[in-house]
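**Student:** below is the structure, and that's it, no one-letter string:
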């Protein structure tokens with residue numbers, strides 16, 4: 001594995017840590033739509049994102065998806081790290097939104113790196129903190145906001161994460177992730193279009209003027 005990928009996405013890591021990661025890990029590639037994590041799976045490695053985009057979500061017994069957060073280059077999934085450290089099975093799912101490359105670091109190095117490298121210790125703590133804050137924001141919108149506010153939050157999140165005003169999702173896909181119906185989502189999107197906030201296209205939504213998270 002080239003050390004360049006680590007330098008570019010994890011510049012805060014100490015040089016010795018980068019060398020250790022390069023020596024003891026491997027690069028894995030996932031195509032858009034491919035699963036990285038599944039419910040009930042045991043983890044043998046921690047995955048650090050170096051390219052692409054990963055969606056982390058929960059799935060209920062009926063197969064309904066509940067969006068949690070995205071993982072971008074330079075990040076790792078805190079929940080998978082917790083499961084990995086405790087040798088527990090995954091309670092979440094994750095799939096590549098677009099072609100994605102990750103560094104797969106075997107579990108045996110996690111504890112060693114925590115005590116050996118200060119930058120790894122701070123990275124793990126910051127990963128826990130960031131994902132926890134994202135989950136609180138998501139829970140806040142699910143528990144305390146009306147569906148129109150949740151939909152706007154969802155679209156803004158996509159816009160900021162993908163750095164693109166075009167959200168390439170159908171109304172049904174959005175309804176599935178927000179645990180709503182296609183009819184409700186279509187009605188709310190039409191209302192947003194009439195207000196000049198979005199422009200609707202076939203299986204895509206163009207964001208014109210929305211607020212911020």
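**Tutor:** Noted; the coordinates are in hand. For clarity, every value in this text was computed on a predicted model and none was experimentally measured.
**Student:** which ones are touching the residue nearest the centre of the chain?
**Tutor:** Nearest residue to the geometric centre of the chain (Cα atoms, centre = their mean): residue 70, 1.9 Å. Residue 70 makes contacts with 53-56, 97, 157, 161, as judged by Cβ atoms under 8 Å, 6 or more residues apart in numbering. Where you see a C-beta, it was placed from the backbone N, CA and C, and this is true even at glycine.
**Student:** quick one, helices of this structure?
**Tutor:** In the chain, the segments counted as helices under DSSP state H are 3-9, 15-24, 78-86, 110-116, 118-144, 147-162, 171-177, 182-194.
**Student:** can you list the domains in this structure?
**Tutor:** 3-142, 147-207 (automatic domain parsing).
**Student:** mind putting those domains in TSV, mean pLDDT included?
**Tutor:** Formatted as TSV, the domains of the chain follow (pLDDT from 0 to 100):
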stretch	mean pLDDT
domain 3-142	86
domain 147-207	89
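**Student:** hang on, the earlier thing: quick check: the residue nearest to the centre of the chain vs residue 77, distance?
**Tutor:** According to Cβ to Cβ, to the nearest Å, residue 70 and residue 77 sit 10 Å apart.
**Student:** common neighbours of the two, please.
**Tutor:** 54, 56.
**Student:** about what we covered before: residue 30 is nearest to which of the helices of the chain?
**Tutor:** Taking Cβ to Cβ, helix 78-86 is the member of the helices of the chain nearest to residue 30, at 14.1 Å.
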